[in-house]
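In: Requesting a structural model of the entry that follows:
(4 chains)
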Protein chains: 2
Amino acid sequence: MKKPTAIRDVALAAGVSTATISRYMNGKFHKMGADTRLRIEKTIKTMGYLPNDVARSLRSTKSNTIAVILSDILNPYSIAILQGIEEACADVGYTIFVCNSNESMAKEKEFIEMMLAKRVDGFVINTTGGNDELIAALADEVAVVLVGRKISLGAVNSVAVNNVQGVFLAVEHLLARGCTSLALLSPRIDHVSPRIDRVEAYRALARRGKMQGITSAVHIIEKVAVEPVAEILKALIRQRRPLDRMGIIAANGMLSLAVLKAAKSLDYEIPRDFLFMGFDDTEWASVANPSLTVIAQPTYEIGATAAKRLLAGLGKDAKQSQAESLELPVKLIMRNSTLI
Amino acid sequence: MKKPTAIRDVALAAGVSTATISRYMNGKFHKMGADTRLRIEKTIKTMGYLPNDVARSLRSTKSNTIAVILSDILNPYSIAILQGIEEACADVGYTIFVCNSNESMAKEKEFIEMMLAKRVDGFVINTTGGNDELIAALADEVAVVLVGRKISLGAVNSVAVNNVQGVFLAVEHLLARGCTSLALLSPRIDHVSPRIDRVEAYRALARRGKMQGITSAVHIIEKVAVEPVAEILKALIRQRRPLDRMGIIAANGMLSLAVLKAAKSLDYEIPRDFLFMGFDDTEWASVANPSLTVIAQPTYEIGATAAKRLLAGLGKDAKQSQAESLELPVKLIMRNSTLI
DNA sequence: CTGAAAGCGCTTACAG
DNA sequence: CTGAAAGCGCTTACAG
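Out: Numbers count the residues shown, from 1 in each chain, chains lettered A, B, ... in the order given. Take a look at the predicted model:
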């Protein structure tokens, strides 16, 4: 843990000023003596000099660092987004701080402040949905891109998914498979925008002509776990009319998994007892029993796109550039859970 | 993007010196006038002062930051470890940089240097296995804890898993299920320590009394994907003796998934055609078709334990404290893939 | 109980 | 082509 060699040490050893070393380190060779340049190169190599980024950041007010604040690091959906962000950042020499608010708005706020204190160059946030004002204000001061979840006020950049399209594809598919009774299962809405969007899109569809004569319901699952989901399933099965073919949609990946487990625990067979599909093409969807029909979201793309936008905007003044709200398309992947 | 308020602004506004503000920010209230203290508190609140951690780090040569270098961020195993690290760090106010070397030793080296330049307080590394010398040297300079994978030289802290026990449990289980023919499938060894350990443990077992009369093989999969795995499966099935009951073990989670998919593509039925089990209790193992018997590794624990050790060691001189090599126990979770 | 001053390791006008 | 010097925003002995 001895003190690392600093620019002054190198300057002394090479017989030049620290300014010259600094210029060398920053690639400003244009008007530099070839001899000094070579001498510096050697000195740096032999001394193993590694510039102190902390000092650099302090001087330049630029840290080449991005804060990523996830609302649930346990969710494969968040992780896929993270992967996209990581790769896009690494490609251009940016490093990411990863924080997990764990769906707590208080933690999210703390992390935002911590990251602000660390003087990150920008934020990518998958928000809990509980800090809209804070985030809107944040976006006035520093570059921010929201991923997956938007906020309801202010104009903040976001990259998300077309949820109306997703719900439309799901409903259309289940109707095409002959369903006469439909149910959408969603986790607690809280203030999470995609949940709001999906439920609203579903209800809008239910009011339309296509769903005439179809029994339709929305169930909000307070706690995503096997037991509560099993209760809902039992009720749904019980309420079924004699000749109904029932179709169930789970509004996210964690919930899909819970439905599969609950069905198994109740000895319901999918798709015999009900057709089933979910959102998110998680890793297990294709090997599940039965394999799961899903609305696939381009999660990696969401992250990569968001990071690229953030990085591209870093040069400019935050307020100059208009905030953009990007919606990526989803697609339906059909598997055995709706094959009957 | 206006300049944030600095300590001097606060000092001026509160009518004290920057030293006093600094003391306040660092909680050194012991001999501070209650009046000044209150005045400072108000000034800070109204001005919204947030100390610049970059400057703090420069002065204190302490960044409250940890580098996490993963060899494969796409692997759920790595992610589970990451979760453990994140939580342990967040608990004590540390923030993590996340890097993905993507199994490239060159990238791993670059990241180590980048993180060193950022003056992180410590490293948690899931190494590619190709930078043993570099990492051994690194550990002489700064706090390092290896996770999952060890290096072969030098004394570097590590938290991993008892692979001998894991292989033993797997083999014992398959023998108990009546297998008369066993095969271990492993990804390319490269220099990855758990792969070496598992293959060696398996071979050691094969030489012992218990496996007398049992056909036994090790197959190294050059590229983990469905097709190459399918080829191996076909060969294995072909070679089976008439009354053999075959058991296959996959040495990691990604490979298990490939085996399941390959078996499906070949219309082999597990466990009818062969009993199958894997390492890593991934999220999908319990819902897979068939559900998968596994050797579960405490991945989250590996990460959390490593981070806690790292953090605990930060105060001390790196060389003072003896390097420790911790091996966490694994356990067998039985499911349908070996139930016959 | 508080302040003046030095210094952490860089970068960058400014001057030559 | 290169250097002397100021300054980024803090912290911390030292002095009082």
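
In: Need the nearest residue in space to the most centrally placed residue in chain A, chain neighbours excluded.
Out: Most central residue of chain A, judged by C-alpha distance to the mean C-alpha position with C-alpha atoms, centre = their mean, is A:I81 at 4.2 Å. Counting by C-beta to C-beta, 6 or more residues apart in numbering or on different chains, A:I81 lies nearest to A:G303, which is 3.8 Å off, once chain neighbours are set aside. For glycine as for every other residue, the C-beta is placed from the backbone atoms N, C-alpha and C.

In: List the contacts of whichever helix or strand A:Y300 is part of.
Out: Taking DSSP states H and E as the criterion, the element that holds A:Y300 is helix A:299-313. In this structure, residues lying in contact with helix A:299-313 by C-beta atoms under 8 Å, 6 or more residues apart in numbering or on different chains are A:66, A:77, A:80-89, A:92, A:94, A:122-124, A:143-148, A:157, A:159-161, A:280, A:321, A:324, A:326, A:328.

In: now swap in stretch A:333-340 and tell me
Out: A:173-174, A:177-178, A:245, A:247, A:270-272, A:275-277, A:281, A:285-286, A:288, A:290-296.

In: Inside strands: which ones of those residues?
Out: With DSSP state E as the criterion, strands contain A:G247, A:L275, A:F276, A:M277, A:T293, A:V294, A:I295, A:A296 from among the contacts of stretch A:333-340.

In: can I get the residues you listed in a markdown table with neighbour count, pLDDT and distance to A:D132?
Out: Listed next are the ones in strands among the contacts of stretch A:333-340 as a markdown table, based on neighbours: other C-beta atoms under 10 Å in any protein chain shown; pLDDT from 0 to 100; distance: C-beta to C-beta, whole Å:
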| residue | neighbour count | pLDDT | distance to A:D132 |
| --- | --- | --- | --- |
| A:G247 | 25 | 96 | 34 |
| A:L275 | 23 | 97 | 37 |
| A:F276 | 26 | 98 | 34 |
| A:M277 | 28 | 98 | 31 |
| A:T293 | 26 | 98 | 34 |
| A:V294 | 28 | 98 | 30 |
| A:I295 | 26 | 98 | 26 |
| A:A296 | 16 | 97 | 28 |
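
In: Return the closest of the residues you listed with respect to DNA strand D.
Out: Each of the ones in strands among the contacts of stretch A:333-340 was checked against DNA strand D using C-beta to the nearest atom of the strand; the closest is A:A296, at 45.6 Å.

In: what's the closest non-adjacent residue to the closest one?
Out: Closest residue in space to A:A296, ignoring its immediate chain neighbours: A:D281 at 3.7 Å, by C-beta to C-beta, 6+ apart.

In: residues near the one you found, how many?
Out: As a burial measure, the neighbour count of A:D281 was computed by other C-beta atoms under 10 Å in any protein chain shown and equals 24.

In: hang on, the earlier thing: past the helix or strand hosting the residue nearest to the centre of chain A, which element shows up next along the chain?
Out: Assigned by DSSP H and E, A:I81 belongs to helix A:76-91. Downstream of helix A:76-91, the first helix or strand assigned by DSSP H and E is strand A:95-100.

In: Listing partners with orientation, what would you give for that following strand?
Out: The partner list of strand A:95-100 in its sheet, established with DSSP bridges, is strand A:65-70 (parallel), strand B:95-100 (antiparallel).

In: Extract the C-alpha set from the first one and format it as PDB.
Out: What follows is the C-alpha trace of strand A:65-70 in PDB, where atoms were taken according to Å, rounded to 0.1, in the frame of the first residue of the first chain:
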ATOM      1  CA  THR A  65     -18.400   7.500 -15.000                       C
ATOM      2  CA  ILE A  66     -22.200   6.700 -15.200                       C
ATOM      3  CA  ALA A  67     -24.600   5.900 -12.400                       C
ATOM      4  CA  VAL A  68     -26.900   3.000 -13.000                       C
ATOM      5  CA  ILE A  69     -29.800   2.800 -10.500                       C
ATOM      6  CA  LEU A  70     -31.900  -0.300 -10.700                       C
END
